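> Predicted structure and sequence below. I'll ask about it afterward.
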Amino acid sequence: MSNLFRCPICSSDFTAQDHTLVCENRHQFDRAKEGYFNLLPVQFKKSKEPGDNLEMVQARRAFLAAGHYSFLQSELVEKVKQYNVHALLDMGCGEGFYTQALKVDDLTQVYGTDISKAAVRYAAKRYPDCHFAVASCKQTPFNDCLFDGIISVFAPLFVEEAHRLLSEAGLIIQVSPGPNHLYELKSKIYSDVRLHDLPQCPSQFELVEQHIIRRDIELIAKDALNLIQMTPFAWKFRPEQLEDINNQAKIPVTLEFCITVLRKRAV
């Protein structure tokens, strides 16, 4: 594994020494007992514990375990099989809900990175068949042209970095919110709900396909509250609005995702 990673500080190659990665400039990173490497140096952090905290990770895990996003997970698995992807990086993997499902056979090698230590610790402990690291998506600790597929689910997509990591004709499979995603929840806090725009194709890539998948569901209060904690607008809900949701038997919610597949252009 040491030949896959590169030092996040100086970009030189690593040598493995027991459970430690050491570069030629003597920067070293220990493997955690859960099996992951923390390759996010303190000077790259914008806060003490960047990314999702433990409470947010637990809320997302509880919601995903209820099965409401399983149809999205299945869609991603089908795309990995359809495009015959065998070396895969999940950029912004969270606690590994999608990552682990993408290991479709023994030939497929799956890696996941996230800036949240709490999320990666959970993922590495629960899914030992995949490889995880705490790392930035903007400056990943991998060597060039390693992957034939990158997955990005509701995570910032840094196009230049993705282009560097992908092999010739490699693919990005991106999941972004569909125009009407979570419309009912957003309408509780915004007087004028803005619909999501669909992502555009960057110049370094060609658009292979783009389509919408959707489910209209009803959630029990517990699941609705967990879903809100997963969103970037959770902080906008007032306590009385959350209490109102908690007192409802069923909450209608639109789940809508845009699946975009991009192929790396030849240089």
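It's in. Numbering: from 1, shown residues only.

> residue boundaries of the helices in this protein?
Along the chain, the segments classed as helices by DSSP state H run 54-65, 70-82, 97-101, 117-126, 159-165, 183-186, 221-229, 239-246.

> For the fifth one, give me every contacting residue.
Applying CB atoms under 8 Å, 6 or more residues apart in numbering, the set of residues contacting helix 159-165 from outside is 89, 91, 137-140, 142, 144-147, 150, 152, 172, 202, 204-205, 264. Just so you know, the C-beta spots here come from the backbone N, C-alpha and C atoms, and that holds for glycine as well.

> Show me how to select, in ChimeraX, the buried members of those.
Buried members of the contacts of helix 159-165, defined by 16 or more other CB atoms under 10 Å, are picked up in ChimeraX with:
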select :89,91,137,140,142,146,147,150,152,172,202,205,264
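
> picking that back up, so can I have JSON lines of the helices of the chain showing distance to residue 108 and mean pLDDT?
Supplementary listing: these in JSON lines, determined by distance: least, CB to CB, whole Å; pLDDT from 0 to 100:
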{"stretch": "helix 54-65", "distance to residue 108": "21", "mean pLDDT": "91"}
{"stretch": "helix 70-82", "distance to residue 108": "7", "mean pLDDT": "97"}
{"stretch": "helix 97-101", "distance to residue 108": "11", "mean pLDDT": "97"}
{"stretch": "helix 117-126", "distance to residue 108": "17", "mean pLDDT": "94"}
{"stretch": "helix 159-165", "distance to residue 108": "17", "mean pLDDT": "96"}
{"stretch": "helix 183-186", "distance to residue 108": "35", "mean pLDDT": "96"}
{"stretch": "helix 221-229", "distance to residue 108": "30", "mean pLDDT": "95"}
{"stretch": "helix 239-246", "distance to residue 108": "40", "mean pLDDT": "94"}
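
> Figure out which of the ones you listed is closest to residue 212.
Closest to residue 212 of the helices of the chain, according to CB to CB: helix 70-82, at 10.9 Å.
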